[in-house]
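S.K.: Here is my input, please return the structure:
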Amino acid sequence: MLKFLALLTLLASAAVHAQTPLQTDLPLKYLEQTQPDSRDQPLVIFLHGYGSNEQDLFGIKNELPATYTYLSVRAPIVMEEGSYQWFRQKGKGAYNGETDDLKTSGQVLLDFIAQAAKKYHTQPNKVYLVGFSQGAIMSYEVALRHPEAVGGIAALSGRILPVLKSELKQDEKRQNLGIFIGHGTADTRLPFKDGTDANSLLQSLSLKPEFHAYEGVGHSISAVEMQDLSAWLQRLNP
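M.R.: Model (predicted):
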């Protein structure tokens, strides 16, 4: 039986996270774990899902390479205390996003990435976005529109929104992007087809995403997915 880490990790490490100071010196508020010398180390930026916050994914850093720098950011749109989103949903039915929100959040995230890379003395090609659900959608939004800003993305239980899909064309600048796609076959929030459709679209653009299907997993992150994600990051940074 797979362990589902998204909630369990949050509960197990909530006390530790509460003691981790919230950083406010960059365009988005964030938590950090860094080594004494972060120069040229890979910089991994976690993007949480709808209605969550910066603490949600921070715990999965413990399953990833210990020497990297990890930041977990808070989405800019407040829903209520402790609950944030990257964009408001547009209409009913299919999970979509308000275009203005996507543009605004995309720009502030882009600014955050650039300033964080400078602060932690890391080159853009060593910056990786790891997003879950809405955070995965934002990872696609930023990296596919601005491939020069990051070295790669891991989209966990996400999708490429129609507005982005309609604007994507062949672009040599994207060819160096590392892309990890992980999706549970039993996901009812963002169906498994969202993951396979993203994989097919990226392949049609001559990209080479690494796609992982997780049998029986719902809208969650499994222990096996964390192992696969860690291995992917290490392959990109041998």
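
S.K.: what packs against the longest helix along the chain?
M.R.: When the chain is scanned for its longest helix (criterion: DSSP state H), the result is helix 99-119. Here helix 99-119 touches strand 43-47, strand 69-73, strand 127-132, helix 134-145, going by 3 or more CB pairs under 8 Å, 6 or more residues apart in numbering; DSSP states H and E. The way it works is simple: take the backbone N, C-alpha and C, and place the C-beta from them, glycine included.

S.K.: Can I get those in CSV including distance to residue 206 and mean pLDDT?
M.R.: Output for the helices and strands packed on helix 99-119, formatted as CSV (distance: least, CB to CB, whole Å; pLDDT from 0 to 100):
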stretch, distance to residue 206, mean pLDDT
strand 43-47, 25, 98
strand 69-73, 30, 98
strand 127-132, 21, 98
helix 134-145, 13, 97
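
S.K.: Residue ranges in the protein under the pLDDT threshold?
M.R.: 1-18, 91-95 (pLDDT under 70).

S.K.: Which residue ranges of it form strands?
M.R.: Applying DSSP state E to the chain gives strands spanning 30-33, 43-47, 69-73, 77-80, 83-85, 127-132, 152-156, 178-184, 210-214.

S.K.: For the helices and strands packed on helix 99-119, give me JSON lines that also has mean neighbour count and distance to residue 196.
M.R.: Below are those laid out as JSON lines (neighbours: other CB atoms under 10 Å; distance: least, CB to CB, whole Å):
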{"stretch": "strand 43-47", "mean neighbour count": "27", "distance to residue 196": "21"}
{"stretch": "strand 69-73", "mean neighbour count": "26", "distance to residue 196": "28"}
{"stretch": "strand 127-132", "mean neighbour count": "26", "distance to residue 196": "18"}
{"stretch": "helix 134-145", "mean neighbour count": "26", "distance to residue 196": "14"}
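
S.K.: Give me the neighbour count for residue 232.
M.R.: Residue 232: 19 surrounding residues under other CB atoms under 10 Å.

S.K.: roughly how far apart are the nearest residue to it once chain neighbours are set aside and residue 118?
M.R.: Excluding its sequence neighbours, the residue lying closest to residue 232 (CB to CB, 6 or more residues apart in numbering) is residue 180, at 4.8 Å. Distance of residue 180 to residue 118, computed by CB to CB, to the nearest Å: 25 Å.

S.K.: Show me which of these two is the more surrounded one.
M.R.: Applying other CB under 10 Å to residue 180 and residue 118 shows that residue 180 carries more neighbours, namely 24 against 11.

S.K.: What residues does that one make contact with?
M.R.: Counting by CB atoms under 8 Å, 6 or more residues apart in numbering, residue 180 makes contact with 152, 153, 154, 155, 209, 210, 212, 228, 229, 232.
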